[in-house]
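1. This is a predicted model, with the sequence first.
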Amino acid sequence: MNYIKVYKAANSNEAHFLKGLLEQNDFDVKLLGENLSVAMGGLPLEVIQVDVLVPKDNYNQAKQIILKYEQELKNIGQDKKWICKY
């Protein structure tokens, strides 16, 4: 099966979150570069990032889910100002 990169996650945590999100939608997902994030001491940012891969045939559907995720990230805090209640 041929896999294609659908997203470059900032770190392993984001990659696993997106993997779970895509798997909930019945996508087969692989992560590439995850082990490098463990050694992040002196590595540049682009090395720490993790590629999220899906089968080529599922790219368009997976990309739609990723785009919705990115839009949600942009909308956080846009509609109202957070106030600590304590």
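-> Ah, there it is.
2. Does L18 touch V52 like I think?
-> Yes: using CB atoms under 8 Å, L18 is in contact with V52, at 5.2 Å. Bear in mind the C-beta positions are built from the backbone N, C-alpha and C, glycine included.
3. residues shared between the contacts of these two?
-> Y7, A9, V29, I66 (CB atoms under 8 Å, 6 or more residues apart in numbering).
4. Let's see the pLDDT reported for the second one.
-> By that I understand A9. A9 carries a pLDDT value of 94.
5. Now it: phi and psi?
-> Backbone torsions of A9, given as degrees, to the nearest 10, read phi -80, psi 150.
6. lowest-confidence helix or strand of this protein?
-> Least confident helix or strand of the chain, by mean pLDDT, DSSP states H and E, is helix 45-48 with a mean of 62.
7. Extract the C-alpha set from whichever helix or strand comes after that helix and format it as CSV.
-> Next helix or strand after helix 45-48 toward the C-terminus (DSSP states H and E): strand 50-55. Listed next in CSV are the C-alpha coordinates belonging to strand 50-55 (Å, rounded to 0.1, in the frame of the first residue of the first chain):
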residue,chain,number,x,y,z
VAL,A,50,6.4,14.1,12.7
ASP,A,51,4.9,13.2,9.3
VAL,A,52,1.3,11.8,9.4
LEU,A,53,0.8,9.4,6.5
VAL,A,54,-2.3,7.9,5.0
PRO,A,55,-2.9,5.6,2.1
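8. Just checking: what are the partner strands of strand 50-55?
-> strand 3-9 (antiparallel), strand 30-32 (antiparallel) (DSSP bridges).
9. ok so, going back, have a look at L18 and V52 and say which one is more surrounded.
-> A direct count of neighbours by other CB atoms under 10 Å for L18 and V52 places V52 higher, at 28 against 21.
10. ok, now how distant is the residue lying closest to that one once chain neighbours are set aside from K81?
-> Distances taken as CB to CB, 6 or more residues apart in numbering place Y7 nearest to V52, at 4.3 Å, with adjacent residues excluded. Y7 sits 30 Å away from K81, going by CB to CB, to the nearest Å.
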